[in-house]
Every structure is written in C-alpha cells, then in structure tokens.
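> The following comprises the amino acid sequence and a computationally predicted model.
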Amino acid sequence: MYKNILLAYDGSVLDQKALIECQELANWGSAQITLLTVTPNYYASLGIDGGFVTQEKIDQDEQAQLEILNAGVMTLKSAGYQVKGVCLKGDAAVEIANYAKQNHSDLIVVGHKHQSHWAARWWGSSKSKALIEIAHCSVLIVILKDDL
C-alpha cells in the first residue's frame, strides 16, 4: 500500500485531468497525495523562437500554472483525498525525482503522450523515460489520450 504518492504533470489541463482520473487513484484513498508541476527555467533574454521573453510573459505563464495546480488540488480535496500542491522550476525529471526523494514518496505517477510521427518519437525527449532512470521509488506511467 502506497502512503506518499506524487502525481507529477506537465502543467496542461489534459495531463492533470488524466492523472486525477487515473483508475488506480481509487485504491490510494488513505495516502498523502502531492500534485506537482514543474515549470521550465526561462531565460529572460532568449525565447524558444529566438526572440525575447519578457518577465511579464514569464509571470503570466507562472500564474496560469498556479491556477491549474490549485484547481487540481481542489478537485482532489473535494473527492476526499489528503492533497497538497507544489510548483517547482527546472528540469522536470530532475525536480520530480529530487522532490520525491526529499519527501519520502513511495510512488511517482506521471503522464506520457504517445508520439504518432516517427520523427517526434526519435527526436523528442521523454520526462517519463528520464525519470525512471533517476527515481528512487516506483514510477507509474499513465498513457494520456486527447479524448479525456
């Protein structure tokens, strides 16, 4: 029986919903659950497209992330779970693994989206795969579907 479960998601409503609606969750009623999201470290001077990312845009993204996180926490609490929300910054796999170890989590649950195109599978990075390599505890990977 798991006592301290970490539900880690990418910040999207879809990913969070998939984790919250995971069928296994019904078996974890007495566990302490942490809903965790990790935002990337932004570089204020360089954006992904080569442009500039303003501090205002970073603040807006972080605020939106906190609102999604808080909504997820409220959903789980209203279902009767003991839950807290945590938002970290950095590399997702590293931050999730570190948080899980520091807080004695015995299960990490993450979502995974199948890539349909071979190039996306080949070149894409996978937080799930990286997390499995560095986690100190069990990792459950929930397959995410767009129809949730």
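Cool, the structure landed.

> Am I right that residue 67 is in a helix?
Yes. Membership of residue 67 in a helix is supported by DSSP: H, G, I helix; E, B strand; the rest coil.

> from here on, count from 36
With the count now opening at 36, the last piece we talked about shows up as residue 102.

> List the residue ranges of this protein that fall below the pLDDT cut-off.
For the chain, the stretches with pLDDT under 70 are 58, 77-87, 148-164, 180-183.

> What distance do you get for residue 62 to residue 100?
The gap separating residue 62 from residue 100 is 28 Å, by C-beta to C-beta, to the nearest Å. (Glycine included, C-beta is placed from N, CA and C.)

> Among those two, which residue is more densely surrounded?
residue 100 (16 against 11; other C-beta atoms under 10 Å).

> so where do the helices sit in the protein?
Using DSSP state H, the helices of the chain run over 48-55, 90-113, 127-137, 153-158, 162-169.

> would you list the ones you listed in a markdown table and tack on distance to residue 37?
What follows is the helices of the chain, written out as a markdown table (distance: least, C-beta to C-beta, whole Å):
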| stretch | distance to residue 37 |
| --- | --- |
| helix 48-55 | 14 |
| helix 90-113 | 15 |
| helix 127-137 | 12 |
| helix 153-158 | 31 |
| helix 162-169 | 17 |
